[in-house]
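Sequence below, structure please.
(chains A, B and C)
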Amino acid sequence: MIPIELFLLLSAVLFSIGLLGVLVRSNGIVILMCIEIMLNAANINFIAFASHSPEPLAQIFVIVSIAVAAAEVGVGIAILLRAYKVRKSTNIDDLTTLRW
Amino acid sequence: MIGSISFMEFAWLIPFVPLLAFVIVGFFGTKFKGGGGLFAVSCALFAFAMSGLVAYEFFTGSGVPYSPDPIQWLAIGEYTLNFGIYIDGLTCVMLLFSSSISLLIFIYSIGYMSGEGKGKRRYYAEISLFLGGMLGLILSSNYLEMFIFWEIMGVCSYLLIGFWSFKHPDGDEASAAAASAAKKAFLVTRLGDVCFMAGLFVLLWSFKSLDFGVLFDPAEIAGVDGGMILLGILLLFGGVIGKSAQFPLQDWLPDAMAGPTTVSALIHAATMVKAGVYLVARSYPLFVQNADAMLLIAVIGGVTAFIAATMALNNMNIKRVLAYSTISQLGYMIMALGVGGYIIATEMAHGDVSSDGYTAGVFHMMNHAFFKALLFMGAGSVIHAVGTEDMRRMGGLSRKMKITSFTMLIGCLSIAGFPLFSGFWSKDLILEAVMEPSSHSIIFVLLFVLALITAFMTAFYMFRLWFMTFKGRTGDASAHCHGESPKSMTVPLVILSLFAAFSGFFIFLGLNDVITFSVIGGEFFVGGHGHSAAYIMDHIMTNVWTYVSIAISLAGIVLAYMMYARRSIDPAMFNADGKSRIYRFLTARYYFPQLYDQISLKLGYSVAKGVEYVDENLIDGTVNGLSNSVIGTSGSMRKLHSGYVRDYASFMVIGVITIFVVLYILVTSGGV
Amino acid sequence: MEFIGLEIPFLYLLLLVPLIGAVLSGFTHKNRKMAKYVAIISSGITLALSLMYIYALSSGDYFDSTSFAWIDTEWIKISFALGVDGMSILMVLLTTLLVFLVSIFSGSESNSPNTFFGLILAMEVGLLGVFLAQDYFLFYIFWEVALVPMYFLISGWGGPRRHYAAIKFFIYTHVASLIMLIGIFAMAMMAAGGGPWVVGGGAVDFSFAAIRDAMENDMFDKVFQTAIFGMMFLGFAVKMPVVPFHTWLPDAHVEAPTAGSVLLAGVMLKMGTYGIIRICLEMLPDGAHAWQPVMIVIALVAILYGAYACIAQKDLKKMVAFSSISHMGLVLLGIATLSELGITFAIFQMFAHGLITAVLFMVCGIAGHNAGTREIPLLGGLAGKMPKFAFFMMFGFMASLGLPGLAGFVAEFGIIMAFFEYLAGTAYLWVIVFALASLMLTAGYYLWAMQRTIFGKETDRIDIKHVHDVSKPETLALGVLCALIALFGIMPWLVVDMLGPTVDMICHFLGVI
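Residues are numbered from 1 along each chain as shown, chains lettered A, B, ... in the order given. Next up is the predicted model:
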């Protein structure tokens, strides 16, 4: 059996990559992708713990999470598409109308 | 009492009707013909008639002061303040001469102010208020009530002195001067009024009441600390100094000549300045509690009489000379009252005593009211005719204005103390009263000498005024004089001249028993116990000082005649090349105006500038500095908030990491 | 409360009528004249209600109250408690009167009148609420409610520096009232049986009655009272204002529109002194005794400082603003004597000053509007062109400098008498000189200002041809005020008799009678 620490390590690495991407990239699409990576890092955690437990609860969470992530990407892409139509750019640094 | 009607019960109508006239004329004067002048006159006539009836009823009555239960004005804690009337002999005498002279002045005004147009309404309303204030003050039954009317008169004098403080007939300069004079009159008397008010606090605190009935009760006085009474009477006298223009607050009165002449007559003869003397006479039971205070009062009176007379010696303005003479005569009255009080204060403990000084002072106040009203109205008649107040531009007017010049002559004789004229009797009584306690202190001898010199100067400057105006060369202003003044002005003059000539004889016709003050068996009595007429007559005629004073005033008259009528002595020799220091000193009024200005500048304006500086820079500076520092700090803090979500997310991540690191260290080091 | 056989809920109506008026006048933007009539009618009804109420109360001791539980939980009790006594009904009368007259006076306001009058009526709700509240929480809410419309009045209808003045006014008084709020919490918690900062014992009840009971049961020790007195006093002192917390006042007045100035000086400043009497003296008597010397010093400084500052002013309105500081200092002096005489006449002075200062600010407003400027050096000789204006100005100034026969004198006399009584018999009797000196200074700056504005040479520094005299509605408002000033000067017992029971109660708590 693969020790759980390795799963957690993979998950942490993936989460950090995602977080870094959110923080440093300015392209909206890339940021959405990075958020997906962070979500999936969390999902890996759930699955890893689920394999060590007889309870099905963790697996249910993962399925819900995937569904929510899909919805979230749908909304996010839609917003970006609208923004692109107005501003001709997906760079979030250009979308500053509501910034003080 | 006539039938079952008691007029004294309705004595409150005496001030009330003129006050009502103020309201009616003030608001509806334009509806009346002549700006409500006749209405004001009829109200004054009512006040005079009512005063006569009240006085008649009082004098035919028992002589006990009449003071019905007052209306309670305020009652808080242990203090009670009332509103009521108080009638005794002094009240009646004051009422009679104030209302009669005011009535004559009101009548005179109809002629004098005929050219005023729309301003007449304001004029008649204000003089009605003035009269109401004076009559109210005379009838007051307590000090607070007195103070209220006292201040009402103050504001009336402010309004009337400043009557021409805008749109002056003589142009802008004159209106600015009138505005300034009115302000000065109000502020200087206000200084006295504040003292008066402080005196009220002292007395109210000591007696828990301000009613005369309580304050003049020997039993009550005995229960109060002497120091408090001394403080109280000195503060009350501070009010007198302001109102009656005594040294060192005398300087507002000459400036007050900026108002119409009728107003000057009203202020000087019938109301305002007499109020101060009346206050001293009224407060005699309190004042005589301290001999030293009375001595101080006498000295202030004497000094005032003297310095005011000197200032009148070389003044060229006809009204100003009269103003100085008023101050000087008021000094006489105060001196007489002070001396009389001194005698009572020192001898009260040893037995029964009565006061000649009191009689002399009040008597002189009455006589002065008549002749000073006459003089002012005469001067007004002259000014009305020639259009200037400068005596150098007058002269030779006696041919054109016979009535005015003759009545003025009577006034001058009276004030100069020419034998048998009214001023003679009262001035002589004063001189005698001053001499009476000369065995007590050398100060009284000095005061007597001062009074004699003043008598000489009075005779001189009054006749200087008369000769310069009516005799000698015809001046440029009197050249286009259009003759005698109208009837409404000359009739009051004639009536007043009768009084000015003969009012002195009242002292032999019963007045001797009315205006007296005596202490008998430890009780105070106003009225009664006076000397008999024969005694007074005998006293005056056999006294050597009487003849000295007659000689002195004759000398003054003769000197004035030589200098200004015959011109055998050239007046210019006293001021060769205009360089005489004394001359300039007198013209500058002893530099009192400058002194006042400097004090108000230093204590008022300079401090105010300092306060303003502190306010704008220190206090407001601190407030604004505080807000600026908050704004500055927030300005630098806001740079942290870029508005980019990723920056906030970075901060969050850094925060989370920091917390984990700290917790890790804490856990591993076993701290928690 | 019963009025000629009818049961009328005066306490609620007094708040409800102006509130309805405020809302209504917001809907009148279509017809520009409508707002004025809505304001005059609703404030007139409020005035009539307050007069009827006083009449109804006059048979008793001027006490009435009503209350219902507003927030009633296990831990906290806030009641919508309203009530009056002699002092508060007097302040209610002052408020309703001034709002009514101001509505008449400002009838010609043309800059969005619907909002203007709406704000004035909204302010009336807040002011009345402060004087009627019988619950600390409610008191605080109304206290802040009154602030907001004033902010908008200044920043919307004010002079050139209005935004600065409005923000200064708002922040200054708001910060001070926050300190007051902490004091309120401390008192309520202490009364509930815990410590000043700890909840303990029973529910925290904010009503006046509960806290007064706690005070009477000696639950507030001397140290606690002294500390809380300081906090509450600070809140009220800024509102009054006293030196050195006064600098918001001249700025606010100079920039505020006339109606705002009248209500600010006429009523709003009284909230401060009302609070000191109602809360500091009534609930914290030991604290009052501890703070007495400080209050006296502050009062004397305020009186003299305000008077001196007046002398140096060039703007007529700023001068009047500083004179308010001086006269409110007099109120504080009366309160600080902690005697029956002093407190009675301090309340009298609050009322008298409200009337007088309203005249003064209206006069200043007319000067600014009709002559085009309020700068004293630019004016002169106006009495010829504007006789009515000159009359009202002189009347107001004379009343303010304490001319006997007018209301200001009675108050001044009583307060300084009380101060004398406090000093008499001690070695500090000479301190009375400072109080007396202020009388001289007051006369000085008023007369000097009059000499330079309405008397003397007619000015050529402004366009004198277009100067016109006081209009009819303005004359009406000023005339009513002047008549009342004279009435209460001649018959002060009308007011003093109302105050008797209230002052007796306060003095009883203070232990001085």
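
Kindly tell me how buried the nearest residue to residue C:367 once chain neighbours are set aside is, as a neighbour count.
Leaving aside its sequence neighbours, residue C:367 sits nearest to residue C:374 (CB to CB, 6 or more residues apart in numbering or on different chains; 5.2 Å). Glycine gets a C-beta too; all of them are placed from N, C-alpha and C. Residues near residue C:374, counting by other CB atoms under 10 Å in any protein chain shown, number 24.

hang on, residue C:374 packs against residue C:316?
Yes. Using CB atoms under 8 Å, residue C:374 is in contact with residue C:316, at 4.3 Å.

what's the overlap in contacts for those two?
C:364, C:367, C:368 (CB atoms under 8 Å, 6 or more residues apart in numbering or on different chains).

Wait, the second one touches residue C:319, no?
No. At 11.3 Å, residue C:367 does not count as touching residue C:319 under the criterion of CB under 8 Å.

Distance check, residue C:308 against chain A.
46 Å (CB to the nearest CB, to the nearest Å).

for residue B:94, same thing?
81 Å.

Residue C:171 - how many residues pack around it?
15.

pLDDT score assigned to it?
In the prediction, the pLDDT value recorded for residue C:171 is 89.

How about the secondary structure of the residue nearest to it when sequence neighbours are not counted?
With sequence-adjacent residues excluded and distances taken as CB to CB, 6+ apart, residue C:171 is closest to residue B:627, at 7.5 Å. Using DSSP: H, G, I helix; E, B strand; the rest coil, the structure places residue B:627 in helix.

burial count for residue A:85?
Neighbour tally, residue A:85, other CB under 10 Å: 8.

Point me to the helix or strand that includes it.
helix A:57-87 (DSSP states H and E).

Could you pull out the buried residues of that helix?
A:58, A:61, A:62, A:69, A:76, A:80, A:83 (16 or more other CB atoms under 10 Å in any protein chain shown).

one step back: filter the shared contacts of residue C:374 and residue C:316 down to the ones in strands?
Under the assignment DSSP state E, these contribute nothing to strands.

From these, pick the one nearest chain A.
Among the shared contacts of residue C:374 and residue C:316, residue C:368 lies closest to chain A (CB to the nearest CB), at 38.9 Å.

That closest one is in contact with residue C:315, isn't it?
No. The pair residue C:368 and residue C:315 fails to qualify as a contact (CB under 8 Å) at a distance of 9.3 Å.

Need the overlap of contacts for those two.
residue C:374.

Residues of the stretch 151-300 of chain B that sit close to chain C?
B:151-152, B:155, B:158, B:162, B:165-167, B:172-173, B:175-176, B:178-180, B:182-183, B:186-187, B:190-191, B:194, B:197-198, B:200-202, B:204-205 (CB under 8 Å from any CB of the partner chain).

List only buried entries from these.
Counted by 16+ other CB under 10 Å, those give B:151-152, B:155, B:158, B:162, B:165-167, B:175-176, B:178-180, B:182-183, B:186-187, B:190-191, B:194, B:197-198, B:200-202, B:204-205 as buried.

For the stretch 201-350 of chain B, just list every one of the helices.
Counting by DSSP state H, counting those that start in this stretch, one finds helices in the stretch 201-350 of chain B at the ranges B:212-215, B:218-222, B:226-243, B:252-255, B:261-265, B:273-282, B:284-287, B:291-312, B:318-347.

With that, I have no additional questions.
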